[in-house]
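[1] my questions concern the predicted model and sequence given below.
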Amino acid sequence: MNRFFAASTVFGLVAVMAGCHSSSKAYDGPEASATVTMGFHNFDPQTVTINPGQTVRWNNTSLIWHTVTFDPSKAKDENHVALPKGVEPFDSGKVNSNGNYWHTFTEPGIYHYICVPHESKGMAGTVVVVQKAAE
């Protein structure tokens, strides 16, 4: 392999990888009751269960950006996203590598969500918000 080709290949790879990273800021949201990791094309865990008033935090540990989308109108298949009756759709927008997003859930029910650019790869998750039993 000639040196020019090898050097340009390495430089190109470095440039592509540099474009995948973003500066990360410290998490400054409310205390999270559940944390979901955004991997290459998955949410882990895929399902979390919390109580009303609790917060879920998503941490993007992959090299690519993702979304946390609870909006059926942004899905390729609107059946992949579902919200309890009366809950307005919401979306994180781009969550860059090393970034995070959080949401505090107030209404009980089952929330199905997706990552918009990776929906076709099955990147989907569920938040179950259960009402605490009376004490």
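    Nice, thanks for sending it over.

[2] is the closest residue in space to residue 46 that isn't next to it in sequence in a helix, a strand, or coil?
    Once flanking residues are discounted, residue 46 sits nearest to residue 125: 5.2 Å by CB to CB, 6 or more residues apart in numbering. In this view, the C-beta of every residue, glycine as well, is placed from N, C-alpha and C. Three-state assignment for residue 125 (DSSP: H, G, I helix; E, B strand; the rest coil): strand.

[3] contacting residues around residue 33?
    Contact partners of residue 33, counting by CB atoms under 8 Å, 6 or more residues apart in numbering, are 50-51, 54-56.

[4] before we move on, what about residue 41?
    Contacts for residue 41 (CB under 8 Å, 6+ apart) come out as 115, 118, 121-123.

[5] what about 6 Å?
    Contact partners of residue 41, counting by CB atoms under 6 Å, 6 or more residues apart in numbering, are 118, 121, 123.

[6] mind checking the SS state of the first one?
    Secondary structure for residue 118, judged by three-state DSSP, is helix.

[7] which residue, other than its chain neighbours, is closest to it?
    Using CB to CB, 6+ apart, the closest residue to residue 118 is residue 41 (5.0 Å).

[8] need phi/psi at the one you found.
    phi -140, psi 40 (degrees, to the nearest 10).
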